[in-house]
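Q: here you go, sequence then predicted model.
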Amino acid sequence: MSQKFNPIGIAWLLVVILVSGVAISSGGKFDSSLMTLLPKSEQQPIVQAATEQMADRFSKRLLLLVSAEDENKVRKAIPLLANQMGKLPEITEIDWQVSEDEIESIQNELYPYRFSVLDHNSRALLLDNDFQQIQNRALIRLYSPLSIGKTSLVDDPFSLFSELNQNRKNELKITVSNSLLKITSASKPTYLMMLTLSEQPFSPTLQRNILGAITAQEAVLKKSGVTIQMSGMLLHAELGARQANKEILTIGVGSMIGIIVLMLMVFRKFKPIGLMLISILVGCVMAASVTLFIFGKIHLITVAFGAGLVGVSIDYSLHFLCERQVSASKRVLQKILPGLLLGLFSSVAAYTAQALSPFPGLQQMAVFSVVGLSASWLTVVLWYPFFTRNNSIQPLSAAKKLNNFRNVFPRIGENKILLVFIFIMVAWSLNTIKNSESLDDIRLLQTSPVSLLAQEKEVQQLLGSSSSSQFLLLSGDTLEECLQKEEDITPLLDRLINNGLLKGYQSLTQHLPSIKRQDENITLVRQLYEQQLTPFYDKIHFANDKALKALTTLERNSHRLQPEVWLQQQNSEPWKDLRVVSDHLTATIIRFTGDINEDTKAALIALSDNSDGVEFIDQVQNISKLMTNFRSEITGLILGAYFLVFLVLLARYKAQVWRIILPPLLASIFTLALLVHFEQGLNLFHLMALILVLGIGLDMGIFLSESSDDSHTWLAVSLSSFTSLLAFGLLAFSDTPVLHHFGLTVLIGLTLVWLLAPIMRENIVEKDIDERGTTTI
Amino acid sequence: MNKVLLLCTLLLTSTLSYGELSYDELSKLSTAPEYLEGKFSQDKYLIELDAHLESSGQFNYRRGKSIQWETLEPIQNILLMTPQSITNSQGENEIVSLQADSNPAVTILSDIFFSVLTAEWKQLAAYFTLSGTVKDDHWQVELVPSDKAVMQVVERVQLTGDTLLRELIFFEKNGDHTTIIFSELIQ
């Protein structure tokens, strides 16, 4: 009652309400695309459009392979399954049967273009002037008991159309067997069913409904020996969600209960917990709102790591609340404000440095963290005095106990063995880190278990489908230009196939040749007719006046297959997405079959380097490279920022500065060395977690120094470490790699900081005075 | 997509006796020899030309491994079918080669063919319905495709034989028909 809510505090309240209100009304938008973390300048719009198109193709599809030993049982199961799937509103399309009439009509769409669109073999023979061979081929076809495809001696005497159909390669190892889609490479009868989802597979309801229905059917079908294998993003998304839910329940709830119990044990009241929550909440809300204003949407990674600031911001609350137990309301801030200011400064400096990086992802995290920390800090400084005005002074028994515990620790100033031991540890650690390897592998972002990935791989292999993350992108002003480029490139790819470096590829020109090439083809066919038509007709005793008729047909049917026409045709359906259109830019994609090894990759990169407008896109590589860049950026910026912080601390603490700097610094070095030991290598997420360790560690040193190692300050910083350990350290037990790396780092790092801090304290009081006199001037 | 040849070659090996003609019956009676060879003469009627294209030659097959169909007159050509591929060659020259894994049509063809050769009548039942008459030592069977893909090409197939298949007539949808007569069969 003696203290009123100060006007600046009221102003801060209004700011919080206003900012969060505006943010909530504008609606939060979340972003989870890794590509948005890439600096804009490095990503051409057409490349982005292409990668998104390829990813989208994969993410909305769910492939089911239904198989059994008994052919008839599978065949019976398929329509039943399709019928059940058709009942789900979340599935917009089910592909499982093709009528043979449909196949024929699709094939015949290209009949009018039989002279301009030629198969690879026929064209090669024509280019070689090996017209005789084509005539032989036609004769053999005529006399063969196996005459595949239709033959009309006038309309297409050399069966160019049949050759085209026969040689048209199927991307997938699928054949139509009695209207069903049969997998040709499977060891037992296996059929394909392809589901197209109504939306991206991230909605929990959609995941539950679809997978629930499939599982139910699976159980029924199992009785007759029919099994289902699946492949699709949906499975990964569902598993990721399930895993996250489970972990939130176990780890999340576990740490929450731990923190509440800990606080109750120390403060024996609920009020401090409420106050801490308020400052954390204000911090998070303000951070999210301001990030939304600046960036338009928040990346999920920002939220995940931004939440790490909770661990730092709780420092301020705890420091205030612990001090309040031993000081009068008015005096608390006077005592702790310098420490709080320095603490905020060190953290803000570190995060601001990140904002200077060219990575949008890092900038976002920096803004989120700086705003969040500052907001929490302001809340503590401006609101806490009012909320705690009536609290009584009552030293905490926990502080005494913890202080006794601390006194057991040896001090570095009086224990030479300890000093030597630390030196050895530092030497070992630095050596380990020096010899370590960095790991910027995309697998870090992979959250799915091995079994699911194995099933996925098996399905992909049976289908012979291609990778969606590695492809060639050919860009140009017009589609015709891209197609011509493709035609220049594909002989080189054929050479790779012959050398065994490549299994196969799918390109648009296999189905839609450039107009230039179609012109060439027609000229070649004309030459063929001029030389071979009469001899051919003579051999089969076909009246020679028909030759004129055949020539007329050729002239009448020498249209080019225009891209617009082709796109309207049904046969273009499976290949349409090899074309990318973004604004006024055009590009085409060449996809590859099977896995691409390092040699092939090198060959493809060399190939694209030598050709203008051709680029080898490797998403796996891009993301790994992105993570490498991120990691080195972060390392550099953090080192710079902490050097700055060191200078400021040096100005204040002079020669005693090492007592503040050393615990987090040594802890970081030891942690890194231990991580190298326990994990395969250091990665981005270890370093992100170290920022948190450094932040809390520096705060600890600053607060302790400011309060001259007061026992309640020791309690405050210890509690802060414990809460962070509970909140983040427990993530070490997560099955999600990213969270595990983050958690383990916090677990080891914070424990070490907390253990090292007492060791670095000044010697016992008598010596204390002495030392101060000699070291500080 | 002519499964006809495949089909008939297989039927060459089947020994039929009197009684009700069904796939079940056939599978009980037929034994597929490991090896069979013989001569053939073929008459292909093309409705467009209103003419008969005659040819003749020899053939052999090894069960489950290969079928070689060699036309000697009027052109020379060897058609070699394996479960993996169909290859047409003329002397040393390979004219057309279709690989099963890149060409689904080939897969179906060899699929049917070889399953029939090994007397898997059940497989055949998936593609055709059968009706027939038996008279004295001779039988005549008519196969009508039940498979829609086969139906696109074949209207019906007529088979005549005694202990072995002797004649096959293959009626195409467009009105063409091919007659193949076998002789000098050696098991």
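A: The structure has been received and is ready for your questions.

Q: send the alpha carbons of the lengthiest strand in chain A over as PDB?
A: Secondary structure of chain A read by DSSP state E shows that its longest strand is strand A:466-476. Only the C-alpha atoms of strand A:466-476 are listed here, as PDB (Å, rounded to 0.1, in the frame of the first residue of the first chain):
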ATOM      1  CA  SER A 466      12.300 -41.200 -58.600                       C
ATOM      2  CA  SER A 467      13.700 -38.900 -56.100                       C
ATOM      3  CA  SER A 468      11.900 -35.700 -55.600                       C
ATOM      4  CA  SER A 469      14.800 -33.800 -54.100                       C
ATOM      5  CA  GLN A 470      17.500 -34.100 -56.800                       C
ATOM      6  CA  PHE A 471      16.800 -33.000 -60.300                       C
ATOM      7  CA  LEU A 472      18.000 -30.900 -63.200                       C
ATOM      8  CA  LEU A 473      16.300 -27.600 -63.800                       C
ATOM      9  CA  LEU A 474      16.400 -26.100 -67.300                       C
ATOM     10  CA  SER A 475      15.200 -22.500 -67.400                       C
ATOM     11  CA  GLY A 476      14.500 -20.300 -70.400                       C
END
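
Q: so what secondary structure elements neighbour the helix or strand just after it?
A: Under the assignment DSSP states H and E, the closest C-terminal helix or strand after strand A:466-476 is helix A:479-498. In terms of contacts (3 or more CB pairs under 8 Å, 6 or more residues apart in numbering or on different chains; DSSP states H and E), helix A:479-498 is packed against strand A:466-476, strand A:505-506, helix A:515-539, strand A:585-593, helix A:598-610. All C-beta spots, glycine's among them, are computed from the backbone N, C-alpha and C.

Q: can you put those in JSON lines and add mean pLDDT and distance to residue A:260?
A: Conversion of the helices and strands packed on helix A:479-498 to JSON lines gives the following (pLDDT from 0 to 100; distance: least, CB to CB, whole Å):
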{"stretch": "strand A:466-476", "mean pLDDT": "82", "distance to residue A:260": "44"}
{"stretch": "strand A:505-506", "mean pLDDT": "88", "distance to residue A:260": "58"}
{"stretch": "helix A:515-539", "mean pLDDT": "92", "distance to residue A:260": "73"}
{"stretch": "strand A:585-593", "mean pLDDT": "88", "distance to residue A:260": "54"}
{"stretch": "helix A:598-610", "mean pLDDT": "89", "distance to residue A:260": "52"}
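
Q: tell me the bridge partners for residue B:133.
A: Here residue B:133 shows beta-bridge partners residue B:140, assigned using DSSP bridges.

Q: for chain B, which spans come out with low pLDDT?
A: In the predicted model of chain B, residues B:1-33, B:91-124, B:135-137, B:149-150, B:152-153, B:163 satisfy pLDDT under 70.

Q: quick one: the helices in it?
A: Along chain B, the segments classed as helices by DSSP state H run B:4-12, B:23-29, B:104-117, B:121-125, B:148-151.

Q: what does the stretch 151-300 of chain A give?
A: Taking DSSP state H, counting those that start in this stretch as the test, the helices found in the stretch 151-300 of chain A are A:160-167, A:204-222, A:233-247, A:253-267, A:271-295, A:300-306.

Q: with respect to chain B, which of those lies nearest?
A: Taking CB to the nearest CB, helix A:160-167 is the member of the helices of the stretch 151-300 of chain A nearest to chain B, at 6.7 Å.

Q: got CSV for the helices of the stretch 151-300 of chain A, with mean neighbour count too?
A: Shown next, in CSV, are the helices of the stretch 151-300 of chain A (neighbours: other CB atoms under 10 Å in any protein chain shown):
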stretch, mean neighbour count
helix A:160-167, 21
helix A:204-222, 15
helix A:233-247, 17
helix A:253-267, 15
helix A:271-295, 20
helix A:300-306, 20
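
Q: just the strands in chain B please.
A: In chain B, the strands defined using DSSP E lie at B:35-46, B:51-62, B:66-73, B:77-81, B:85-90, B:93-99, B:128-135, B:138-145, B:154-161, B:165-172, B:177-186.

Q: now the ones you listed in a markdown table, with mean neighbour count?
A: Shown next, in a markdown table, are those (neighbours: other CB under 10 Å):
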| stretch | mean neighbour count |
| --- | --- |
| strand B:35-46 | 18 |
| strand B:51-62 | 17 |
| strand B:66-73 | 18 |
| strand B:77-81 | 21 |
| strand B:85-90 | 19 |
| strand B:93-99 | 15 |
| strand B:128-135 | 14 |
| strand B:138-145 | 18 |
| strand B:154-161 | 19 |
| strand B:165-172 | 21 |
| strand B:177-186 | 16 |
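
Q: wait, which of those strands is closest to residue A:364?
A: Of all these, it is strand B:93-99 that lies closest to residue A:364, at 52.4 Å by CB to CB.

Q: now the stretch 651-777 of chain A against chain B: closest residue?
A: Counting by CB to the nearest CB, the stretch 651-777 of chain A gets nearest to chain B through residue A:737 (37.2 Å).

Q: skipping its backbone neighbours, what lies nearest the closest residue to chain B within the stretch 601-750 of chain A in space?
A: The nearest approach of the stretch 601-750 of chain A to chain B comes at residue A:604, 21.8 Å away (CB to the nearest CB). In space, and not counting its chain neighbours, residue A:604 is closest to residue A:616: 4.7 Å by CB to CB, 6 or more residues apart in numbering or on different chains.

Q: partner strands of the helix or strand that contains that neighbour, with direction?
A: For residue A:616, the host element (DSSP H and E) is strand A:614-618. Applying DSSP bridges, strand A:614-618 is found paired with strand A:466-476 (antiparallel).

Q: what comes into contact with the partner strand?
A: A:46-47, A:50, A:54-55, A:57-58, A:171, A:482, A:485-486, A:489, A:506, A:580, A:585-596, A:601, A:604, A:607-608, A:613-620 (CB atoms under 8 Å, 6 or more residues apart in numbering or on different chains).

Q: redo the helices and strands packed on helix A:479-498 as CSV? Include mean neighbour count.
A: As requested, the helices and strands packed on helix A:479-498 are arranged in CSV below (neighbours: other CB under 10 Å):
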stretch, mean neighbour count
strand A:466-476, 21
strand A:505-506, 19
helix A:515-539, 17
strand A:585-593, 21
helix A:598-610, 15
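
Q: near chain B, which residues of the stretch 101-250 of chain A show up?
A: Residues of the stretch 101-250 of chain A lying close to chain B by CB under 8 Å from any CB of the partner chain are A:101, A:103-104, A:133, A:136-137, A:139-140, A:142-148, A:150, A:152-154, A:166-167, A:169-170, A:173-179, A:184-185.

Q: by contact count, what packs against the helix or strand encompassing residue A:422?
A: Residue A:422 belongs to helix A:416-434 when assigned by DSSP H and E. With contacts taken as 3+ CB pairs under 8 Å, 6+ apart, helix A:416-434 sits against helix A:657-678.

Q: quick one: end-to-end length of stretch A:647-664, please.
A: One end of stretch A:647-664 sits 16 Å from the other (CA to CA, to the nearest Å).

Q: what residues sit buried inside that stretch?
A: Within stretch A:647-664, the residues scored as buried using 16 or more other CB atoms under 10 Å in any protein chain shown are A:649, A:653, A:656-657, A:659-664.

Q: identify the farthest-apart pair in the residues you listed.
A: Distance extremes for these: the farthest pair is A:656 and A:664 at 15.4 Å, using CB to CB.

Q: what's the closest non-adjacent residue to residue 46?
A: Because you didn't say which chain, this covers chain A. Closest residue to residue A:46 apart from its sequence neighbours, by CB to CB, 6+ apart: residue A:585 at 4.6 Å.

Q: meant chain B, my bad for not saying
A: residue B:176 (5.5 Å).

Q: that neighbour contacts residue B:44, doesn't it?
A: Yes: between residue B:176 and residue B:44 there is a contact under CB atoms under 8 Å: 7.0 Å.

Q: show me what whatever helix or strand comes next after the helix holding residue A:422 is in contact with.
A: Scanning forward in sequence from helix A:416-434 by DSSP H and E, the next helix or strand is helix A:450-463. For helix A:450-463, the external contacting residues (CB under 8 Å, 6+ apart) are A:63, A:65, A:172-174, A:183, A:185-186, A:190, A:192, A:229-231, A:235-236, A:239, A:446.
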